[in-house]
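> Mind folding the following:
(2 chains)
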Amino acid sequence: MTQKETKTENKQEEELRIGAFICECGINIAGAVDCYAVADYISTLPNVTTSVVNKYTCSDAGQAEIKKAIKDLNLNRVLVASCTPKTHEPIFRACVEEAGVNPYLFEFVNIREHCSWIHMWEKEDATEKAKELVRMGVARAALLEPLESSEVPVTDAALVIGAGVTGMQAALDIADMGHKVYLVEQGPSIGGKMAQLDKTFPTNDCSICILGPKMVEVARNKNIEIMSYSEVVEVDGYVGNFKAKIKHKPRYLDINECTGCGLCTEKCPVEVPYTEFNEGIGARKAIYTPFPQAVPLRALVDKSICIDCGACIKACERGAIDMDQKETFSELDIGVIVVTAGFDVYDPEPKNEFGFGLYDNVITTMEFERLINASGPTMGKVVRPSDVKPPKRIGFVQCVGSRDKNSHIYCSSFCCMASLKNAQLLKEKYPDTEVYIMYMDMRTPFRMYEEYYNRARNMGIRFIRGRPAEVTENEDHNIIARIEDTLTNEIVNLELDLMVLSVGAVAPESTETVRQILKVSKAADGFMMEAHPKLKPVDTTLDGIFIGGMTQGPKDIPYSISQGSACAARATRFLAQGKALTEGITTKVDKDICVGCGVCVPMCPFQALSLENDKLKILTALCKGCGTCVAACPTGALEQSHFKNEQLLAQVKNVFAYGEV
Amino acid sequence: MTDLNLNFEPNILTFCCNWCSYAGADLAGVSRLQYPTNNRIVRVMCSSRIEPTFILEAFKEGADGVLITGCHIGDCHYIEGNEHTDERMKDMVNALERMGLGERLHLEWVSAAEGKKFQETMINFVDKIKALGPSPLEHKRVE
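This next block holds a predicted model:
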């Protein structure tokens, strides 16, 4: 293929002077694409003033070269052919703007992710493809028009969704920097899963002893407004100007009057053999406080079992109970949003994995955490469910619901350490107990974790490399696990009094609901997806929305807290500046062409369009620039800036090297 | 299957939405998932921006196949843009069928996390168009 004229209809008066910069990206692009051949070809196209190759266009030197060329050659369009606009467009837009070119006169062509990296061994074809991709870009660049980003004010308030340890940390950090925080938690207390744990690795601190003070600190902070037992149901708007609708579920009592004294619970005659906080173990009343350290320490009524006897109403000295309470809603103006909505543990019951759900003495890690916890249903005495006797032989099975093609392929990362911790606690508490860990690989990165593993070995905990292939129960309700020990190549029939399944983390349904409300991308593992796996680990592709902790994927407590702080720092940038830039890409109408048919009006999901006196009115502040209405317009009166028909058609018309027949 | 013309390398034009499928194509690249070089991508903010003209123009320009990609239903960055895409593309396929091009337009939802799916979609679509042979519209390759 040789030269072909770019088919553009240039309506502009000004002489076009396009500078094309082809990036080698070391060998990332140059390894498969002959960048010099691309640059040579591009230099032959109309309107191209200069076409050069850079080793790394995004480097200081590369950017300096762009700026110098703009100045020396009086360029009025700049094209960079390198990686993806998702990460690098803002960098180059800022670069050309500094040299006096409107940022929307910059065109980006992706010849790395969409060319060199996917055609690593087809150098000739990849080079031809790169030429065509850049040719499309040149045609489009010729038709680009300057646009202005608008500066919008930022409401000085943050919404933190989920008040586990990550959300609490994010809320505290934002509040301590002087900004208002609404901390929304779907459960009746803040604290999350960490409040249920017994000890935490690798220092074996008592979990609630280090979390409790933090919960109190959150409650005391004047900038934080806790909205417990509440859910986010709607979010509209954009960075700096979100509107969130929060549903407050009825507790059936006045939270301002209740003191959490517990008299109502004492008098309540209805008992149900189930407790949320203790993972189902033990019993609670129809009116109850979630757990002794709950924040807010307030009761709530389980209406599904309440018999309306009125005993609690009589018992409450402050008249706080209101059985007719209805759900209420608040509307909040928000500048930034942090999602720290946590996780669920994997449920092995539907498939009865390792006998769970079939045999009483097979339990999960979370149930074990409550059993060994001093404030748990057994006051910390470890007993087995079938006969409430202390078990003498306990085995932990690793990777249940993790690293498994049949459930979740990913490693949940905290379970090895969690089982090492629980095994050590057992050995400390009951030194004559036999403790086994059945594993595939023990994974213990990070400071003091490998040492923790060695400590477990030295305590006499037995490690079996292999997981039960068959689990049965004998007449004493003991568990018989048949395992191939892959280190000794022996089949072991292990008789256990109690078997604990080390269940992994999964993305909860409630997180999926929040994700769909906010339109954050979902990663392959079901958790929310960050903007960049390395450079933007807590950002999303949406300005002003951040994700942290388990919401972004499985991780342990120290990592979660780091992400909570990271979210706070990233989010507070907008609050501290008090302003944000929004994209200049919006829909515009040509009033002379528009016939006021109204076809476009119902197309807009943001209510930016309306008819007034048979003419279309666009509220640009509401327009998010999707272009749905433009494609629907039968007269061609609507156009989407930066993605105008002629700009897109210029790409289409220049893609293949064909002429007219 | 029709006779495969082994020397036939189809021209494929793909429209990607900015939020999901373009990022899915990026992920295929980052993951070094190799696929045939036949494909060229045009980025739009939302798949609902794609007008029938763009598709007709692509065929007119020598495309042997056109692929429309966007976010999964329920995941659209603009709430329901892809639902409009879905509707419009069904009409478009019907219209193209009358021109003998119906099978050459394909719609696929690819999320930002589905690099593998992007690769597989490309491989399958190129195979399908190879089996169909060159577009019945006449073109003259510029030499």
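> So residue A:634: helix, strand or coil?
Three-state secondary structure (criterion: DSSP: H, G, I helix; E, B strand; the rest coil) places residue A:634 in coil.
> who are the neighbours in contact with it?
Taking CB atoms under 8 Å, 6 or more residues apart in numbering or on different chains as the criterion, residue A:634 is in contact with A:597, A:599. (Glycine included, C-beta is placed from N, CA and C.)
> State the distance from it to chain B.
Separation of residue A:634 from chain B (CB to the nearest CB, to the nearest Å) stands at 11 Å.
> Not counting its neighbours along the chain, what's nearest the residue of chain B found nearest chain A?
Closest approach between chain B and chain A, counting by CB to the nearest CB: residue B:29, at 2.8 Å. Distance criterion CB to CB, 6 or more residues apart in numbering or on different chains; nearest residue to residue B:29, sequence neighbours excluded, is residue A:113 at 2.8 Å.
> Distance check, that neighbour against residue B:22.
Using CB to CB, to the nearest Å, one obtains 9 Å as the distance from residue A:113 to residue B:22.
> Look at the two and report which has more neighbours.
Higher neighbour count among residue A:113 and residue B:22: residue B:22, with 29 against 26, using other CB atoms under 10 Å in any protein chain shown.
> That one contacts residue B:41, doesn't it?
Yes: with contact taken as CB atoms under 8 Å, residue B:22 and residue B:41 are classed as touching, separated by 7.3 Å.
> anything in contact with each of the two?
residue B:16.
> residue contacts, the residue nearest the centre of chain A?
Geometric centre of chain A, nearest residue: residue A:528, 3.1 Å, by CA atoms, centre = their mean. Applying CB under 8 Å, 6+ apart, one finds that residue A:528 lies in contact with A:339, A:507, A:511, A:515, A:520-522, A:540, A:547, A:551-552.
> Return the distance of stretch A:183-196 from the chain's centre.
In terms of CA atoms, centre = their mean, to the nearest Å, the centre of stretch A:183-196 is set 18 Å apart from its chain centre.
> How many neighbouring residues does the closest residue in space to residue A:387 that isn't next to it in sequence have?
Once flanking residues are discounted, residue A:387 sits nearest to residue A:477: 6.8 Å by CB to CB, 6+ apart. Using other CB under 10 Å, residue A:477 is surrounded by 16 other residues.
> Am I right that residue A:114 falls within a helix?
Yes: judged by three-state DSSP, residue A:114 forms part of a helix.
> That one - how many residues pack around it?
Once other CB under 10 Å is used to define contacts, residue A:114 is seen to have 26 neighbours.
> repeat for residue A:56
For residue A:56, the count of nearby residues is 16 (other CB under 10 Å).
> And the nearest residue to it once chain neighbours are set aside, which helix or strand is it part of?
Distances taken as CB to CB, 6+ apart put residue A:62 closest to residue A:56, at 5.4 Å, once the chain neighbours are dropped. With secondary structure defined by DSSP states H and E, residue A:62 is part of helix A:60-73.
> and what of residue B:22?
Per DSSP H and E, residue B:22 falls inside helix B:21-30.
> Alpha carbons only: can I get the helix or strand following that helix in PDB?
Per DSSP H and E, helix B:21-30 leads on to strand B:39-44 as the next helix or strand towards the C-terminus. Output of strand B:39-44 as PDB, limited to C-alpha atoms (Å, rounded to 0.1, in the frame of the first residue of the first chain):
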ATOM      1  CA  ASN B  39      -9.300  -5.300  13.200                       C
ATOM      2  CA  ARG B  40      -9.300  -1.400  13.400                       C
ATOM      3  CA  ILE B  41     -11.000   0.300  16.400                       C
ATOM      4  CA  VAL B  42     -13.000   3.500  16.400                       C
ATOM      5  CA  ARG B  43     -13.800   4.800  19.900                       C
ATOM      6  CA  VAL B  44     -17.000   6.500  20.800                       C
END
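> Now the residue of the stretch 501-650 of chain A found nearest chain B: phi and psi?
Closest approach between the stretch 501-650 of chain A and chain B, counting by CB to the nearest CB: residue A:627, at 3.3 Å. Backbone torsions of residue A:627, given as degrees, to the nearest 10, read phi 90, psi 10.
> quick one: contacts for it?
The neighbourhood of residue A:627, defined by CB under 8 Å, 6+ apart, consists of A:587, A:640, A:643, B:44-46, B:48-49.
> Going through these, which ones are buried?
The neighbour-count criterion (16 or more other CB atoms under 10 Å in any protein chain shown) marks A:587, A:640, A:643, B:44-46, B:48-49 among the contacts of residue A:627 as buried.
> what's around the residue of chain B closest to chain A, how many residues?
24.
> Equivalent analysis for residue A:265, please.
If you count neighbours by other CB under 10 Å, residue A:265 ends up with 17.
> if we can go back for a sec, filter the contacts of residue A:528 down to the ones close to chain B.
Among the contacts of residue A:528, proximity to chain B is found for A:521-522 (CB under 8 Å from any CB of the partner chain).
> Tell me which of the contacts of residue A:528 fall in strands.
When DSSP state E is applied, those are split such that A:339, A:547 fall in strands.
> Using the three-state scheme, assign residue A:244.
In three-state terms, and counting by three-state DSSP, residue A:244 is strand.
> what do you get for the one 3 residues further on?
The three-state label given to residue A:247 by three-state DSSP is strand.
> residues touching it, list them.
A:230-233, A:327-329.
> most neighbours, which of these?
residue A:232 (25 neighbours).
> Doesn't it belong to a helix?
No: according to three-state DSSP, the state of residue A:232 is strand, so it is not within a helix.
> mind checking how far residue B:117 is from residue B:25?
When CB to CB is applied, the distance between residue B:117 and residue B:25 equals 10 Å.
> So between those two, which is more surrounded?
Higher neighbour count among residue B:117 and residue B:25: residue B:25, with 31 against 20, using other CB under 10 Å.
> The nearest residue to that one once chain neighbours are set aside: helix or strand, and which one exactly?
Among residues not flanking residue B:25 along the chain, residue B:118 sits closest, at 5.2 Å (CB to CB, 6+ apart). Assigned by DSSP H and E, residue B:118 falls within helix B:115-132.
> That helix packs against which elements?
strand B:12-17, helix B:21-30, strand B:65-70, strand B:105-109 (3 or more CB pairs under 8 Å, 6 or more residues apart in numbering or on different chains; DSSP states H and E).
> Count the neighbours of residue A:68 for me.
Look at residue A:68: counted by other CB under 10 Å, it has 11 neighbours.
> Quick check: the gap between the residue positioned nearest the centre of chain B and residue A:253.
Closest residue to the average C-alpha location of chain B: residue B:67 at 0.9 Å, with CA atoms, centre = their mean. Using CB to CB, one gets 58 Å for the distance from residue B:67 to residue A:253.
> same deal with residue A:518?
Applying CB to CB, one obtains 31 Å for the distance of residue A:518 from residue A:253.
> Which one of the two is surrounded by more residues?
Comparing residue A:518 with residue A:253 by other CB under 10 Å, the one with more neighbours is residue A:253, at 24 against 19.
> Tell me if I'm right that the more buried one and residue A:298 touch.
Yes: taking CB under 8 Å as the contact criterion, residue A:253 and residue A:298 are neighbours in contact, 7.2 Å apart.
> ok, now which ones touch whichever residue of chain A sits closest to chain B?
Among all residues of chain A, residue A:113 sits closest to chain B, at 2.8 Å; criterion: CB to the nearest CB. The contact partners of residue A:113, taken as CB under 8 Å, 6+ apart, are A:83-84, B:25-26, B:28-30.
> quick check, nearest of these to residue A:211?
When the contacts of residue A:113 are compared for distance to residue A:211 (CB to CB), residue B:30 wins out at 37.4 Å.
> Any regions of the chain where pLDDT drops low?
No chain was given, so I picked chain A. Applying pLDDT under 70 to the predicted model, the residue ranges of chain A that meet it are A:1-13, A:657-661.
> nope, chain B please
B:1-6, B:139-143.
> switch to 80 and redo it
By pLDDT under 80, the weakly predicted segments of chain B are B:1-6, B:138-143.
> Please give the number of neighbouring residues around residue A:445.
Using other CB under 10 Å: residue A:445 sits among 9 other residues.
> Overlap in contacts, residue B:117 and residue B:25.
Counting by CB under 8 Å, 6+ apart, the residues touching both residue B:117 and residue B:25 are residue B:110.
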